[in-house]
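Student: what's the 3D shape of this:
(chains A and B)
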Amino acid sequence: EPEVTQTPSHQVTQMGQEVILRCVPISNHLYFYWYRQILGQKVEFLVSFYNNEISEKSEIFDDQFSVERPDGSNFTLKIRSTKLEDSAMYFCASSGDSHNEQFFGPGTRLTVL
Amino acid sequence: RKEVEQDPGPFNVPEGATVAFNCTYSNSASQSFFWYRQDCRKEPKLLMSVYSSGNEDGRFTAQLNRASQYISLLIRDSKLSDSATYLCVLGRGQGNLIFGKGTKLSVKP
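Tutor: As a prediction, this is how the structure comes out:
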């Protein structure tokens, strides 16, 4: 069964450093998303991406965040200058024609020290 | 008022029990509705979409009442493997999913 994959599974970084989280969505999907979940809290939407551009972004997705689809398979989330409060699980998701049935990757746990 | 409200639980039930989860939402513009389950420190996994006519998938039955802005999930004959957090999720037109905090279920032998 096709699945969304994410790397790395765990990233530890120092405050102020840049991180890039990587995702490989399901191959025939057209819509891509990033979500985050701070420990003990609900899953929160960050950004949606379609046709090589951002469709929608939340208030969390400020100028420190960017997304890119550098090739036909990868979808990345970059945080330019990490803060302590960026520590969370980051989930990538993708969907096909029915872009609300989203399938999630296993997540990257980001720890900012 | 929160966009999606769920009883946080935990619900502790014996194997074989029937358990019901409820969810209310505040935004009448929501276009689609889902139940996801999330195991500890894992990703959310789609359990089922929820339709106004109600839908069933094996032991799971979901209902949507748009007038009352209320969604439910019924699990019959619960199994140990059903232990997880059940997330009520709303979909918007651009694909933005709004998650509830979830209801934790623990099924005991």
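
Student: residue contacts, residue B:79?
Tutor: Neighbour list for residue B:79: B:15, B:107 [criterion: C-beta atoms under 8 Å, 6 or more residues apart in numbering or on different chains]. For the C-beta atoms, the positions are set from N, CA and C on the backbone; glycine is no exception.

Student: swap in residue B:108?
Tutor: Residue B:108 touches B:12, B:13, B:14, B:15, B:80, counting by C-beta under 8 Å, 6+ apart.

Student: helix/strand/coil for the residue nearest to the spatial centre of chain A?
Tutor: Geometric centre of chain A, nearest residue: residue A:34, 3.3 Å, by C-alpha atoms, centre = their mean. Counting by DSSP: H, G, I helix; E, B strand; the rest coil, the backbone at residue A:34 sits in strand.

Student: I'd like the distance between it and residue B:47.
Tutor: 22 Å (C-beta to C-beta, to the nearest Å).

Student: buried ones in stretch A:38-57?
Tutor: Neighbour-count burial for stretch A:38-57, counted by 16 or more other C-beta atoms under 10 Å in any protein chain shown, picks out A:42, A:43, A:44, A:45, A:46, A:47, A:48, A:49, A:50, A:55, A:56, A:57.

Student: okay, and the nearest residue to residue B:81 once chain neighbours are set aside sits in which element?
Tutor: Nearest non-adjacent residue to residue B:81, counting by C-beta to C-beta, 6 or more residues apart in numbering or on different chains: residue B:107, 7.9 Å away. Assigned by DSSP states H and E, residue B:107 belongs to strand B:103-108.

Student: chain center to that strand: distance?
Tutor: Distance, stretch centre to chain centre, for strand B:103-108: 13 Å (C-alpha atoms, centre = their mean, to the nearest Å).

Student: likewise for stretch A:44-60?
Tutor: In terms of C-alpha atoms, centre = their mean, the centre of stretch A:44-60 is set 10 Å apart from its chain centre.

Student: contacts only, for residue B:105.
Tutor: Per C-beta under 8 Å, 6+ apart, neighbours of residue B:105: B:9-11, B:13, B:19, B:21, B:75, B:78, B:82-86.

Student: what sits opposite it in the beta ladder?
Tutor: Legend: beta-bridge partners of residue B:105 under DSSP bridges are residue B:11, residue B:84.

Student: how much space separates it from chain A?
Tutor: Distance, residue B:105 to chain A, using C-beta to the nearest C-beta, to the nearest Å: 17 Å.

Student: likewise residue B:68?
Tutor: Look at residue B:68 and chain A: by C-beta to the nearest C-beta, they are 21 Å apart.
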